[in-house]
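Asks: Quick one, structure for this:
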Amino acid sequence: MFSNIRQAIKLSRERANDSNGLPFFQQIKEMVLLQVLTGFGPGNYHKYRLWQKDMPWQQKLGYWHDQKYYRFLNKVNPLSYRMLARNKVVAKALLSFYSIPDAEYLGYLSAAGGFKADGSTLVSAADLTELLLQRSDLHKICFKPVEGSGGEGFCAVEIERTNGIFFRELGKSATLPVADFLSQSLTVHQGCDYIIEKYLQQHPALAAFNPSSLNTLRVWVGKTATGAPKIIAIYLRVGRAGSLVDNRLSGGFGVAIDPESFKTTIAVPQDSSGQCFNQHPDSGYDMSQRQLPFKAEVVALAEKVTNILPNTRFVGLDIAFTPEQPVIIEFNLAPTAIGACVMNTSHQQLLGWLNNPS
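Replies: Below is the predicted model of the structure:
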C-alpha cells in the first residue's frame, strides 16, 4: 500500500510539469477526496489520468475501482456465462452457427482427442502435416489456446513447403519441422488444447499502424431495457514493433476514435499515466486523423453479435479488418475496465445506464 502511495506521489510531481497537469498539491487533494468519497485509490488516479486539468471533477467522481466494476459485471453478465465465453471452442461454435464472419477454422488440436474441420483426427504432428498437405492454399496459420484471453499463448507461423512442411514463427528466423514446433513452441504435450485458424490478412489501413501485429477495434456494446444493442464506445488497439498481438500486456496501447467521423484522434500510452501521443513509438507513423473503413459494417456486426449472446447485457468485441470486411476475433463478457481511459470518459458516463436500464 505504502509503495503505491509513494509511486502516486512521484507520478503527481511528474504530471504537475505537464502542460495539462494539475498542480501537485491539487492532485494530492483530489486523490484524498476520491479515496474517501468513492474508494478510488491513488494508483487508479494516475492509471485513469485524472490529473488532467481539463477533466471536470464530476467526471472524476464517475470512475470505478476494480471491485465496483466487477460488481457491475456480476449484475449485467452472470459469472457462469462469462466463464463459458472464455472457451474459444464454445465461442467459435456460436459464431459459426449464426454465420458471423471470423477467421477460418481449421481444427482443434488436442492430444486427448482433437479433430480437423472435416471431423478427422488431429492429435499429432503427422495429423497436422496431413491437413497442411491437403490445404496447399494456406501460407500462414495461427494457434490459440482454448482457454484464456489477452493474447496469452497465441502463436502464428508461416508455412514453408520446400522438402516437406516446416514452420517459421512470425517475427523469428528459425525454421522448425512440425513435430519440433509442437514440442518446443506449444504445450500440447502438457494438456493445453489449441484452436487452429487461417491467419487473417490485415486491411492496409490497420496494418499501417503496426504491420507485425493484428490491430483490432475494441467495441463496447450494451443492451437497452428493450434488448436492443447500443454501441457504447469504440477504440483501436495497436501493437508494438515485432509483436503479433495488440493487447496492453504485450506493450500495446489504445488509440481513440471519433465515433462520428470514424477517424483516429490520439493515442494513450500503455501505462496510461504518461502523455498522450500521435506517432507510433517504434516507427514514428503518424496515427492521428486516420480515416478507418467499414464504419457501418462494424456497427452492424457488433449489434448482430450482441443480439446472439444469451443473458448478456454488456460485451467487449475485438474486431479485425480484412481487405474485404470486418471480422470477429473474440467477444469478451468481462472486458478490461481500462478501456475507459482510452476514451477519456468515466465508467459512470459509459456504463451507468446499464445499472438502471429502465
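Asks: I'd like the mean pLDDT over stretch 314-332, please.
Replies: Across stretch 314-332, pLDDT averages out at 96.
Asks: Which residues belonging to it are considered buried?
Replies: Residues 314-321, 326-332 are the ones in stretch 314-332 that count as buried (16 or more other C-beta atoms under 10 Å). All C-beta atoms are positioned from the backbone trio N, CA, C, and that covers glycine.
Asks: which element follows the helix or strand where residue 156 lies toward the C-terminus?
Replies: For residue 156, the enclosing helix or strand under DSSP states H and E is strand 155-160. Per DSSP H and E, the first helix or strand lying C-terminal to strand 155-160 is strand 166-169.
Asks: hmm, which helix or strand of the protein has the shakiest average pLDDT?
Replies: helix 79-85 (a mean of 84; mean pLDDT, DSSP states H and E).
Asks: Residue 10: neighbouring residues, count only.
Replies: Residue 10 has 11 neighbouring residues, counting by other C-beta atoms under 10 Å.
Asks: ditto for residue 343
Replies: Burial of residue 343 is recorded as 20 neighbouring residues (other C-beta under 10 Å).
Asks: Pop out the phi and psi values for the nearest residue to it once chain neighbours are set aside.
Replies: Nearest non-adjacent residue to residue 343, counting by C-beta to C-beta, 6 or more residues apart in numbering: residue 233, 4.8 Å away. The phi/psi pair for residue 233 (degrees, to the nearest 10) reads phi -170, psi 160.
Asks: need the helices for the stretch 201-350 of the chain, in chain order.
Replies: Counting by DSSP state H, counting those that start in this stretch, the stretch 201-350 of the chain has helices at residues 204-207, 295-308, 339-342, 347-355.
Asks: repeat for the stretch 51-200 of the chain
Replies: Under DSSP H, counting those that start in this stretch, the stretch 51-200 of the chain gives helices at 57-60, 66-76, 79-85, 88-97, 125-134, 178-184.
Asks: Out of these, which gets nearest to residue 202?
Replies: helix 88-97 (19.2 Å; C-beta to C-beta).
Asks: Quick one: distance of that closest one to the chain centre.
Replies: The chain centroid and the centroid of helix 88-97 are separated by 18 Å, computed with C-alpha atoms, centre = their mean, to the nearest Å.
Asks: coming back round to it: can I get the helices of the stretch 51-200 of the chain in CSV with mean neighbour count and distance to residue 108?
Replies: What follows is these, written out as CSV (neighbours: other C-beta atoms under 10 Å; distance: least, C-beta to C-beta, whole Å):
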stretch, mean neighbour count, distance to residue 108
helix 57-60, 14, 46
helix 66-76, 15, 29
helix 79-85, 14, 17
helix 88-97, 16, 7
helix 125-134, 16, 11
helix 178-184, 16, 14
